[in-house]
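>>> Here's my sequence, what's the structure:
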Amino acid sequence: MLNQINIESILFIDIETAPMTPEFDELPENFKKLWDKKSAYFRKEDETAEEVFERAGIYAEFGKIICISAGTVYKKDGEYRCRVKSYAGHDEKKLLSDFVKMLDNYNRTGNIKLCAHNGQEFDYPYISRRCLINGVKIPKILDIAGAKPWEIKESLLDTLQLWKFGDYKHFTSLDLLCAIFEIPTPKDDIDGSMVANVYWQEDNLERIVKYCEKDVFALVQLFLRYQGKPILPAEAFESVE
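Now for the predicted structure:
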């Protein structure tokens, strides 16, 4: 089935998120109480809500998007290449607005597909929720309220779901799949657990953008392997402003 999909019609995306404030103490009082209640479901008995606040970025209610990278595949001189553009900054509303404008323009024919790793559980709903919170119109392709399951499956691809083959209990990271398929790892500098610190403590958004773009390129490579095709050489990757 995947071989019937034209990879040039897919927009590959990845997002990076961070807690809404640098430290737990900087949260408004009502959010401190709400985070304490939320984190009680996963933190250990000897951990406090403050100690696990670095994980807040994975929840759209307590985090924010700091980077969205989007990549396309195209042919040049008969060979596939990958072009990636990032929308990043401290102003989440602006980066979301810019991304949504691009996405709606890109989707004007209604034939494009999105692809993300664990997109169904993370990237797609996170973007939609943060759009609502920021008063940004949800992009048409992500406005799936009332859509049929097969319509969602056709337009919102997920390399994790594709790997599950119906096994709902199985989670496999992009890093592990890269190792399995002999794809160069995108985690050669930082990984997801370090993003919050790099953003709030190091103030190094550029480093996060590069990491996010590497994830998108790895995602493209993985999809190619799913289609039984060879991966692209490093020089096939291009980052554009």
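>>> for the longest strand anywhere in the chain, what is the average pLDDT?
Counting by DSSP state E, the longest strand found in the chain is strand 63-76. Average pLDDT, strand 63-76: 95.
>>> next one: it to chain centre, how far?
Distance of strand 63-76 from the chain centroid (C-alpha atoms, centre = their mean, to the nearest Å) equals 8 Å.
>>> Next: stretch 88-95.
Offset of stretch 88-95 from its chain centre (C-alpha atoms, centre = their mean): 15 Å.
>>> got it, and stretch 164-172?
Distance of stretch 164-172 from the chain centroid (C-alpha atoms, centre = their mean) equals 19 Å.
>>> How about residues contacting that stretch?
For stretch 164-172, contacts defined as C-beta atoms under 8 Å, 6 or more residues apart in numbering pick out 118, 160, 163. Heads up, the C-betas are built off the backbone N, CA and C, glycines and all.
>>> Equivalent analysis for stretch 216-235, please.
With contact meaning C-beta under 8 Å, 6+ apart, stretch 216-235 is reached by 2-3, 5, 7, 10, 12-14, 69-71, 73, 80-82, 84, 115-117, 157, 159, 162, 174, 177-178, 181-186, 237.
>>> If we only consider the contacts of stretch 164-172, which is nearest to Glu241?
Closest approach between the contacts of stretch 164-172 and Glu241, by C-beta to C-beta: Asn118, at 27.8 Å.
>>> In helices, which of the contacts of stretch 216-235 fall?
Within these, residues falling in helices by DSSP state H are 159, 162, 174, 177-178.
>>> where do the helices sit along the chain?
Assigned by DSSP H, the chain shows helices spanning 29-39, 92-106, 123-134, 149-155, 159-164, 174-180, 195-200, 205-226.
>>> Comparing these by mean pLDDT, which bottoms out?
helix 149-155 (a mean of 65).
>>> distance from the centroid: which residue in the chain tops it?
Asp46 (31.6 Å; C-alpha atoms, centre = their mean).
>>> related to what we said a few turns ago, let me know the closest of the contacts of stretch 164-172 to Phe42.
Distance to Phe42 across the contacts of stretch 164-172 (C-beta to C-beta) is lowest for Asn118, with 17.3 Å.
>>> So what's the residue count around the closest one?
17 (other C-beta atoms under 10 Å).
>>> so it sits right up against Trp163, yeah?
No - between Asn118 and Trp163 there is no contact, the gap being 10.2 Å when judged by C-beta atoms under 8 Å.
>>> and Ile133, what does it touch?
Contacts of Ile133 (C-beta under 8 Å, 6+ apart): Ala60.
>>> How about Lys85, nearest residue that isn't a chain neighbour?
Spatial nearest neighbour of Lys85, excluding adjacent residues (C-beta to C-beta, 6 or more residues apart in numbering): Val240 at 5.1 Å.
>>> which residues touch that neighbour?
83-85.
>>> quick one: it and Ser86, what's the gap?
Here Val240 is placed at a distance of 9 Å from Ser86 (C-beta to C-beta, to the nearest Å).
>>> same deal with Ala196?
Note on Ala196: its distance to Ser86, by C-beta to C-beta, is 18 Å.
>>> Val209 now?
5 Å.
>>> sorry, back to before: out of the contacts of stretch 164-172, the closest to Leu27 would be?
Distances from Leu27 to those, taken as C-beta to C-beta, are shortest for Asn118 (26.5 Å).
>>> In space, what's closest to the closest one - neighbours in sequence excluded?
Per C-beta to C-beta, 6+ apart, closest to Asn118 is Leu160, 4.5 Å.
>>> so the one you found touches Asp123, yeah?
No - judged on C-beta under 8 Å, Leu160 makes no contact with Asp123 at a distance of 10.5 Å.
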